[in-house]
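Peer 1: structure of the sequence below:
(chains A, B, C and D)
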Number of protein chains: 2
Amino acid sequence: MAATMRDVAERAGVSLVTVSRVINGHASVRPVTRARVRRAIEELQYVPDQLASSLRSRQTGTLGLLLPTIANAFWTTIARGVEDEAEARGYSVFLCNSDDDPAKESRYLDALLGRRVDGIVVVPTAGGAAQLRRVQQRQMPIVQVHRRLDDLETDSIRADNRSGAAGLTAQLLALGCSRIAFLGVETTISPARDCLGGYKATMAEAGVPIDPALILLGRASPETGYALMAELLRKTHPEAICIGNGRLAVGALHALREAGLQVPDDIRVGTVHNIAALDAFSPSLITAVQPAYEIGKLGAQRLFERIAGLDTPPVDVLLPVAVSACPLAGAGEARIPTAAD
Amino acid sequence: MAATMRDVAERAGVSLVTVSRVINGHASVRPVTRARVRRAIEELQYVPDQLASSLRSRQTGTLGLLLPTIANAFWTTIARGVEDEAEARGYSVFLCNSDDDPAKESRYLDALLGRRVDGIVVVPTAGGAAQLRRVQQRQMPIVQVHRRLDDLETDSIRADNRSGAAGLTAQLLALGCSRIAFLGVETTISPARDCLGGYKATMAEAGVPIDPALILLGRASPETGYALMAELLRKTHPEAICIGNGRLAVGALHALREAGLQVPDDIRVGTVHNIAALDAFSPSLITAVQPAYEIGKLGAQRLFERIAGLDTPPVDVLLPVAVSACPLAGAGEARIPTAAD
DNA sequence: TTGAAAGCGCTAACAA
DNA sequence: TTGTTAGCGCTTTCAA
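Peer 2: You can find the predicted model right below:
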């Protein structure tokens, strides 16, 4: 059996409470006493039991992180942002993959509730507002990141995808393109709908008519991107294409390659994304990169403020999306890839 | 305050213990009683406190997952394998990023110890054997994945990288290449050294002399891969190159591109990796793909066996690495990318 | 089949 | 500055 606080107390010749105080840096303990306790801790290789501590103190020093899947670079980068903030405060993070399934999300929420996490950072699933509200009613601090459900009032940290897609569209328009197609994710929640909104608004402002046949939506997967692009090319050949999701872009670029089309010479491509490899392998894209790490980091920061008791109305933070300068036609030179790849 | 077991007991008109038994599916409870308890639980929206339960039962239903960084597709895929196994058993996973820093690893180990996790899946850092042994001495079940420290006796699940690199080298030799360079990660621990070993052994078996100038080692990063490849090309032009790490490969491919060399027409490239995007964007590579998901999955499975009390000597499992067929020169056609991208 | 008592290891509140 | 007492919410053990 591992040493307990009682063992340490006996060895140091003090009471339980004194040991507790030394460990938590609490209150006043005489340096001599502290030293004795420290030594006993060392000798016994004592590691405090967080479980018992949490049970009594009602604070666990743990966070829940609920996202679609850890097996995807974007979510993962957000996760890293959350993790770094947590680590800096001595917090540990429970990782949960919802797979965008509300039922799975619900099960995880119960698990997190039962484990008495101090707060939850969540990339909510489309149908999850009610169950998240249920959790919220139990005084559990929640911060939404990347996505924001309309009917769930919590802090949220997101990328300004509307501006991102608008920026891409504006660049494509500035290059003289007018038949600009849009490939996006089919869902009614933010941010997917924001991308489409940014595209439409920019086209409208420029007075360029939007051909509904040029707007294709589907699931956020490379397969879908491939299929949609192939379908589009069967019908027409747009001058440019604005893509609202990196995974769609991966597939779409393949379809273009198979069709023998060069980017940016034969067709201009702009995409919102967060896939470093995409950047590395297709330097001829116009890109709007979402600040994934920052989203996670700020999300966790906000959560910690709530845990600390901050009691102001929820905010919706929109982080700027970096739209790259438009590459010259024919200039397919790669940048040197970085560690993020 | 949230409802406790006592509240449920009162409402159902039974004792605490009976509620506990219903929740844990324990022993014999009369169906009528069970129904009454269930109803009370429902009405009070009672969620059991795992903390209190764990404190008493000495089981937390939590796992620690300690890996270099979650911001990298390979580790992330392993993580997903672990997570899926955990979820299936109602376990939650603490995610920890060591950044390959033994000090950080040590801090996390203490945190996991304090949180009384039931077991740990770890991708160990090079200098971490002693501290992991310390944890092991406390009866904490540990499984190493992907890497295996020589001086740490635990179960380990890894990819057979030696065979992978050997397979790549053999393919390159079969294509008639003999000046085959090797780019790998500079470290003395498995699996990096296994890759180099597989390369050397295969060259030796084929009776092809190894030119030490063709072996370049460095950190596992795209920048390093770029630098090493550029350095190599400045000195010589090998017929083929065997790469022991996907991140090195990403950088190396850029250097080749900048040098105006086409793969596989101008130079053959084989690489051990686990980067789906690499596969998608560079279909002309010969690849040895590590089964990352399986590594995580089997690692967790083994850990659960240990948690359940399995008391046999540690095993070292080597999972097969899939070496792709060699692409024809000039056949640069992409496969359709899959969800894993 | 059910319940009463004890206590997991710790911290909060109070007292000295 | 230090200690005593009580109890967090649950499971275990023993008894009925």
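
Peer 1: helix or strand next in line after the helix or strand of chain A with the lowest mean pLDDT, which one?
Peer 2: Within chain A, judged by mean pLDDT, DSSP states H and E, the helix or strand with the poorest mean is helix A:276-281; its value is a mean of 64. Next helix or strand after helix A:276-281 toward the C-terminus (DSSP states H and E): strand A:286-289.

Peer 1: and chain B, is that next one touching that?
Peer 2: No - Strand A:286-289 lies out of reach of chain B by CB under 8 Å from any CB of the partner chain, never closer than 14.9 Å. C-beta: built from backbone N, CA, C; applies to glycine.

Peer 1: same question for stretch A:252-270.
Peer 2: Yes - interface with chain B: stretch A:252-270 contributes A:H254, A:R257, A:E258 (CB under 8 Å from any CB).

Peer 1: ok, the residue minimising distance to the centre of chain A - contacts?
Peer 2: Central residue of chain A (CA atoms, centre = their mean): A:I78, 3.7 Å from the mean position. Neighbour list for A:I78: A:L67, A:V123, A:V145, A:H146, A:A292, A:Y293, A:I295, A:G296, A:G299 [criterion: CB atoms under 8 Å, 6 or more residues apart in numbering or on different chains].

Peer 1: which ones among those map onto strands?
Peer 2: Members of the contacts of A:I78 lying in strands (criterion: DSSP state E): A:L67, A:V145.

Peer 1: now the buried members of the contacts of A:I78.
Peer 2: The neighbour-count test (16 or more other CB atoms under 10 Å in any protein chain shown) applied to these identifies A:L67, A:V123, A:V145, A:H146, A:A292, A:Y293, A:I295, A:G296, A:G299 as buried.

Peer 1: so what's the last one closest to, chain neighbours aside?
Peer 2: This means A:G299. What sits nearest to A:G299 in space, not counting adjacent residues and going by CB to CB, 6 or more residues apart in numbering or on different chains, is A:V145, at 4.0 Å.

Peer 1: distance of that neighbour relative to B:Q171?
Peer 2: Using CB to CB, to the nearest Å, one obtains 44 Å as the distance from A:V145 to B:Q171.

Peer 1: and stretch A:107-114, anywhere near DNA strand D?
Peer 2: No - against DNA strand D, stretch A:107-114 shows no contacts by CB under 7 Å from any atom of the strand, the least distance being 8.3 Å.

Peer 1: centre of the chain to the helix or strand A:V22 falls within, how far?
Peer 2: Element membership of A:V22 [criterion: DSSP H and E] is helix A:16-23. Counting by CA atoms, centre = their mean, to the nearest Å, helix A:16-23 is centred 39 Å from the centre of its parent chain.

Peer 1: can you check stretch A:51-62 too?
Peer 2: With CA atoms, centre = their mean, you get 27 Å for stretch A:51-62.

Peer 1: likewise for stretch A:106-120?
Peer 2: Centre to centre, stretch against its chain (CA atoms, centre = their mean), the figure for stretch A:106-120 is 19 Å.

Peer 1: likewise stretch A:2-19?
Peer 2: Relative to its chain's centre, stretch A:2-19 lies at 43 Å (CA atoms, centre = their mean).

Peer 1: can I get it as CSV, trimmed to CA atoms?
Peer 2: The C-alpha trace of stretch A:2-19 is given here as CSV (Å, rounded to 0.1, in the frame of the first residue of the first chain):
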residue,chain,number,x,y,z
ALA,A,2,1.3,3.5,-0.8
ALA,A,3,2.0,5.9,1.9
THR,A,4,-0.8,8.1,3.1
MET,A,5,-0.8,11.5,4.8
ARG,A,6,-1.1,9.8,8.1
ASP,A,7,2.1,7.9,7.5
VAL,A,8,3.9,11.2,6.7
ALA,A,9,2.4,12.9,9.8
GLU,A,10,3.6,10.1,12.1
ARG,A,11,7.1,10.0,10.6
ALA,A,12,7.4,13.8,10.9
GLY,A,13,5.9,13.8,14.3
VAL,A,14,3.1,16.2,13.5
SER,A,15,-0.6,16.1,12.9
LEU,A,16,-2.4,15.3,9.6
VAL,A,17,-3.4,18.9,9.2
THR,A,18,0.1,20.1,9.3
VAL,A,19,1.1,17.8,6.5
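
Peer 1: is that stretch up against DNA strand C anywhere?
Peer 2: Yes - Stretch A:2-19 reaches DNA strand C (CB under 7 Å from any atom of the strand) through A:T4, A:M5, A:R6, A:L16, A:V17.

Peer 1: what sits against the residue in the stretch 1-150 of chain A positioned nearest to DNA strand D?
Peer 2: Closest to DNA strand D within the stretch 1-150 of chain A is A:S28: 2.1 Å, counting by CB to the nearest atom of the strand. Shown in contact with A:S28 (CB under 8 Å, 6+ apart): no residues.

Peer 1: thinking again about what came up before, for the residue nearest to A:G299, report the pLDDT, please.
Peer 2: Looking at A:V145, its pLDDT is 98.
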